[in-house]
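[1] Sharing a sequence plus its predicted fold:
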Amino acid sequence: DAGVIQSPRHEVTEMGQEVTLRCKPISGHDYLFWYRQTMMRGLELLIYFNNNVPIDDSGMPEDRFSAKMPNASFSTLKIQPSEPRDSAVYFCASSHRRLPYNEQFFGPGTRLTVL
Amino acid sequence: DQQVKQNSPSLSVQEGRISILNCDYTNSMFDYFLWYKKYPAEGPTFLISISSIKDKNEDGRFTVFLNKSAKHLSLHIVPSQPGDSAVYFCAASATDRDDKIIFGKGTRLHILP
């Protein structure tokens, strides 16, 4: 299996622009998680899905952030409009309930820079 | 409100010696604990875990100890090797409540030659 795939790996954009991050989870996994890593806050959970349904979005910073999972093999995290404080590394992870509890498999991340 | 705390941002250990990484948690609902390892430009990878019904779990050079009364866990690496240089994240989950993992901020481990 190719593992969790994220694109793009790097994104540089200007303040006010829309940014879309993409994730393909491991086939057969029924959970998908979006995280953000910053120096100040470490690894924060933004939102997670189970069977394509959003379960908990309490970590989404504000209305500028939205996430969708239209099918079991694809998810997007959108920031509109982007701001410099959104600069971070964004990770997608997937897991399966039958795995050892909550053993999540992470993608390589998308490094976002908002100028 | 940090529910999982890793108070040492970094740690340097001589190759061959023991590395001890510490983690404290505040939420008594947590019943499953994990350690993840992260290399630069890669995502975190699962390393080892422990259920709250145990106080020790060992996997090769890695051992995790859990002290529930102190709400403290530690990861021991013996002997430390150069490839162990990475950021280590402590994480916790309340498996009866939901499927989330709460991560600490991480500790950067440097193994010195």
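    Yep, that arrived. Residues are numbered from 1 along each chain as shown, chains lettered A, B, ... in the order given.

[2] which parts of chain B sit against chain A?
    Where proximity means C-beta under 8 Å from any C-beta of the partner chain, the interface of chain B facing chain A comprises B:32, B:34, B:36, B:41-46, B:49, B:51, B:89, B:93, B:95, B:98-106. Placement of C-beta: from N, CA and C, glycine included.

[3] Tell me the buried residues within these.
    Of the members of the residues of chain B next to chain A, the ones counted as buried by neighbours, 16 or more other C-beta atoms under 10 Å in any protein chain shown, are B:32, B:34, B:36, B:43-44, B:46, B:49, B:89, B:93, B:99-106.

[4] Can you flag which of these belong to strands?
    Secondary structure assignment (DSSP state E) places B:32, B:34, B:36, B:46, B:49, B:89, B:93, B:102, B:103 from these within strands.

[5] if I pick the first one, what's in contact with it?
    Read that as residue B:32. Going by C-beta atoms under 8 Å, 6 or more residues apart in numbering or on different chains, residue B:32 touches A:101, A:102, B:49, B:50, B:51, B:52, B:92, B:93, B:94, B:95.

[6] got it, and the second one?
    Residue B:34 makes contacts with A:102, A:103, B:46, B:47, B:48, B:49, B:50, B:90, B:91, B:92, B:93, B:101, as judged by C-beta under 8 Å, 6+ apart.

[7] so what pLDDT did residue B:33 get?
    Per-residue confidence at residue B:33 stands at 95 (pLDDT).

[8] How is the residue lying closest to residue A:25 once chain neighbours are set aside assigned, secondary-structure-wise?
    In this structure, residue A:25 finds its nearest non-sequential neighbour in residue A:94, 3.4 Å apart by C-beta to C-beta, 6 or more residues apart in numbering or on different chains. The three-state assignment at residue A:94 reads strand, by DSSP: H, G, I helix; E, B strand; the rest coil.

[9] Quick one: residues contacting residue A:94.
    Applying C-beta under 8 Å, 6+ apart, we find residue A:94 in contact with A:4, A:25, A:26, A:29, A:31, A:32, A:33, A:104, A:105.
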